[in-house]
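Participant: coordinates only, sequence not included:
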């Protein structure tokens with residue numbers, strides 16, 4: 001009998017209805033029990049999905065796959081750097097790229113003058129790398145505060161990628177276009193002569209704000225540092241030739257250069273500055289939007305630069321007074337006075353680290369042995385052990401995840417087998433009577449296949465709905481890993497496979513059990529003969 005013909009048959013519908021009630025149990029107890037088992041199954045799947053997704057993220061991100069090789073000034077560190085360029089080594093040890101970098105800490109002023117904080121930084125030879133692109137992935141960037149494309153940033157940028165936590169230490173709740181390096185000026189008299197906006201003064205020096213562009217704000221950085229930047233910034237901070245961040249020099253004081261965010265509007269800003277300048281200068285100053293564009297100091301925030309100059313020189317103090325009033329007028333609106341710093345090459349001494357960005361951690365131990373055997377350079381063992389343990393957890397997590405699913409499906413199959421056998425003992429005489437009146441085993445099996453399919457699908461829908469709602473509720477309530485990642489992730493290929501296997505195995509189990517039970521003759525069933 002075809003399924004549609006069976007469904008249209010009044011006898012068949014009555015049979016399904018009556019037998020379905022028996023199978024469901026008193027007060028739908030069997031349905032609720034199956035729903036509970038399936039809910040536990042899907043909660044386990046959702047939790048394992050979320051855990052493995054999080055683990056996969058951790059395995060793929062630069063914070064885990066980043067290995068530092070510290071320059072202890074033993075072994076041939078420079079030769080190691082040369083060897084790491086080899087494509088053969090990249091393929092052999094499974095790493096993307098590497099670079100030399102430096103470590104140092106520098107003092108920065110906060111949003112307010114009474115706040116200054118030492119920030120720890122790593123300085124890379126190149127920011128246009130896979131490692132930095134991983135750091136600038138959307139999941140790690142705070143509020144989309146980042147440059148559009150790191151590859152378009154000037155190769156000698158002095159911009160920095162800073163953590164949101166570091167910005168909070170400096171007192172910012174919104175990312176500024178620039179933060180202020182605490183620049184020491186030993187020429188105290190010169191600082192006042194050139195109208196430097198002095199923040200602090202000691203017996204040996206005064207200190208002022210030297211703007212450093214912000215390229216991005218991120219949640220975390222590898223190596224537990226506060227910022228990363230191009231090594232060019234480190235080079236200029238240590239530059240003993242031109243001292244570019246010493247603001248007490250005439251070339252910086254003879255003009256006013258500003259970065260103006262695009263939301264302010266250049267015409268309005270120029271008009272305001274002209275009005276303020278009229279209070280301090282007899283002749284009108286000139287605004288030039290095209291003369292100042294220094295790519296090394298371009299920040300992530302959209303805006304333009306403008307330079308103000310005067311050909312009727314009235315002294316540095318007038319410029320200082322104009323700047324003070326301009327900055328007071330635009331306080332909190334991310335306008336910054338900037339400088340065309342006098343950079344020069346001042347080669348740095350030995351690098352602090354070699355940073356290696358691995359694709360995976362499978363060959364990490366072999367890499368450590370190669371580095372020591374060939375170049376007598378040691379990698380800290382605690383770092384190797386931690387990453388190996390993380391790799392092992394990843395493999396075990398995948399095995400356990402599938403193990404949970406298999407165990408849950410076995411439990412469901414055992415539940416169905418037990419349910420049908422228990423039910424069969426109650427109705428075997430009735431089934432024997434049905435067979436005696438000419439109803440075939442195939443038709444009876446079809447009835448129970450339909451009943452169990454309906455029960456399993458109904459239980460699946462309820463358990464999936466509950467798990468999905470719980471996942472959404474946890475997300476809304478902010479119950480998240482690292483404040484970002486869900487503890488449950490129901491919808492995945494693994495879930496789809498589990499649903500198909502559950503339905504298929506349930507129906508196959510019903511078919512196999514009922515076929516075996518209905519092999520007996522009508523007499524054996526009616527008189528309970530074994």
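Facilitator: Sure thing, it's come through. Owing to the predicted nature of the structure, the values given are computational and were not obtained by experimental measurement. Residues are numbered from 1 along each chain as shown.

Participant: which residues of the stretch 201-350 of the chain score low on pLDDT?
Facilitator: For the stretch 201-350 of the chain, the stretches flagged by pLDDT under 70 are 290-293, 349.

Participant: in it, which spans are strands?
Facilitator: In the stretch 201-350 of the chain, the segments counted as strands under DSSP state E, counting those that start in this stretch are 206-218, 227-230, 256-261, 286-288, 303-309, 336-338.

Participant: out of those strands, flag the one nearest residue 504.
Facilitator: Closest to residue 504 of the strands of the stretch 201-350 of the chain is strand 206-218 (Cβ to Cβ; 45.9 Å). No exception for glycine: its C-beta is placed from N, CA and C like everyone else's.

Participant: buried set for the closest one?
Facilitator: 206-218 (16 or more other Cβ atoms under 10 Å).

Participant: and it, how far out from the chain's middle?
Facilitator: Centroid displacement of strand 206-218 relative to its chain, using Cα atoms, centre = their mean, to the nearest Å, is 25 Å.

Participant: who are the packing partners of it?
Facilitator: In this structure, strand 206-218 makes packing contacts with strand 141-146, strand 160-163, helix 164-169, strand 178-185, helix 188-193, strand 198-201, strand 336-338, judged by 3 or more Cβ pairs under 8 Å, 6 or more residues apart in numbering; DSSP states H and E.

Participant: could you look up the next helix or strand downstream of the shortest one?
Facilitator: Scanning the chain past strand 336-338 towards its C-terminal end, the next helix or strand to appear is strand 353-358 (assignment: DSSP states H and E).

Participant: residues contacting that next one, please?
Facilitator: 62, 65-71, 77, 80-81, 84, 93-103, 122, 124, 129-131, 134, 222, 364, 367 (Cβ atoms under 8 Å, 6 or more residues apart in numbering).

Participant: tell me which of those residues fall in strands.
Facilitator: Judged by DSSP state E, the contacts of strand 353-358 include 66-70, 95-103, 122, 124 as members of strands.

Participant: measure stretch 302-317 end to end?
Facilitator: 31 Å (Cα to Cα, to the nearest Å).

Participant: circling back: closest one of the ones in strands among the contacts of strand 353-358 to residue 171?
Facilitator: residue 122 (23.2 Å).

Participant: show me what contacts that closest one?
Facilitator: Here residue 122 is in contact with 101-103, 221-223, 225, 227-229, 353, 355 (Cβ under 8 Å, 6+ apart).

Participant: what's the answer for residue 120, then?
Facilitator: Neighbours of residue 120 in contact, by Cβ under 8 Å, 6+ apart: 103-105, 224-227.

Participant: what about 10 Å?
Facilitator: By Cβ atoms under 10 Å, 6 or more residues apart in numbering, the contact set of residue 120 is 103-106, 166, 221, 223-227.

Participant: next one: residue 192
Facilitator: Each residue near residue 192 by Cβ under 10 Å, 6+ apart is listed here: 185, 198, 201, 206, 248, 316-317, 320.

Participant: what do you get for residue 296?
Facilitator: Contacts for residue 296 (Cβ under 10 Å, 6+ apart) come out as 153-159, 213, 230, 232-233, 236, 340-341, 343.

Participant: again, 6 Å this time
Facilitator: Residues in contact with residue 296 (Cβ atoms under 6 Å, 6 or more residues apart in numbering) are 154, 156-158.

Participant: of those, which is the most crowded?
Facilitator: Among the contacts of residue 296, residue 158 has the most neighbours (other Cβ atoms under 10 Å), with 27 neighbours.

Participant: buried stuff in stretch 231-239?
Facilitator: By neighbour count on 16+ other Cβ under 10 Å, the buried set for stretch 231-239 is 231-237, 239.

Participant: re the thing from before, most packed of the helices and strands packed on strand 206-218?
Facilitator: Of all the helices and strands packed on strand 206-218, strand 160-163 carries the top mean neighbour count, a mean of 26, counting by mean count of other Cβ atoms under 10 Å.

Participant: and the contacts of it?
Facilitator: Contacts to strand 160-163, defined as Cβ under 6 Å, 6+ apart, come from residues 215-218, 221, 226-229.

Participant: what about 7 Å?
Facilitator: Here strand 160-163 makes contact (Cβ atoms under 7 Å, 6 or more residues apart in numbering) with 135, 212, 214-221, 226-229, 233.

Participant: same thing with stretch 467-482?
Facilitator: Contacts for stretch 467-482 (Cβ under 7 Å, 6+ apart): 39, 42-43, 46, 54, 486-488, 490.

Participant: now it: how far from the chain's centre is it?
Facilitator: 18 Å.

Participant: for the chain, which spans come out with low pLDDT?
Facilitator: Judged by pLDDT under 70, the chain has its weakly predicted residues at 1-24, 56-64, 290-293, 349, 381-388, 390-391, 394, 482-483, 524-530.

Participant: on that earlier part again, which one among the contacts of residue 122 gets closest to residue 308?
Facilitator: Within those, the smallest distance to residue 308 is 29.1 Å, found for residue 229 (Cβ to Cβ).

Participant: with adjacent residues omitted, what lies nearest to that closest one?
Facilitator: With sequence-adjacent residues excluded and distances taken as Cβ to Cβ, 6 or more residues apart in numbering, residue 229 is closest to residue 160, at 4.1 Å.

Participant: and if you look at residue 165?
Facilitator: Closest to residue 165 by Cβ to Cβ, 6+ apart is residue 226, at 7.5 Å.

Participant: so the one you found touches residue 119, yeah?
Facilitator: Yes: if you go by Cβ atoms under 7 Å, residue 226 and residue 119 touch, sitting 3.9 Å apart.

Participant: which neighbours do those two have in common?
Facilitator: With Cβ under 7 Å, 6+ apart as the test, residue 226 and residue 119 both reach residue 166.

Participant: about what we covered before: buried subset of the ones in strands among the contacts of strand 353-358?
Facilitator: 66-69, 95, 98-103, 122, 124.

Participant: can I get these in TSV with distance to residue 264?
Facilitator: Shown next, in TSV, are those (distance: Cβ to Cβ, whole Å):
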residue	distance to residue 264
66	39
67	45
68	42
69	46
95	45
98	42
99	38
100	40
101	36
102	36
103	37
122	34
124	33
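
Participant: which one of those sits closest to residue 373?
Facilitator: Nearest to residue 373 out of those is residue 69 (Cβ to Cβ; 14.2 Å).

Participant: how long is stretch 216-235 end to end?
Facilitator: 21 Å.
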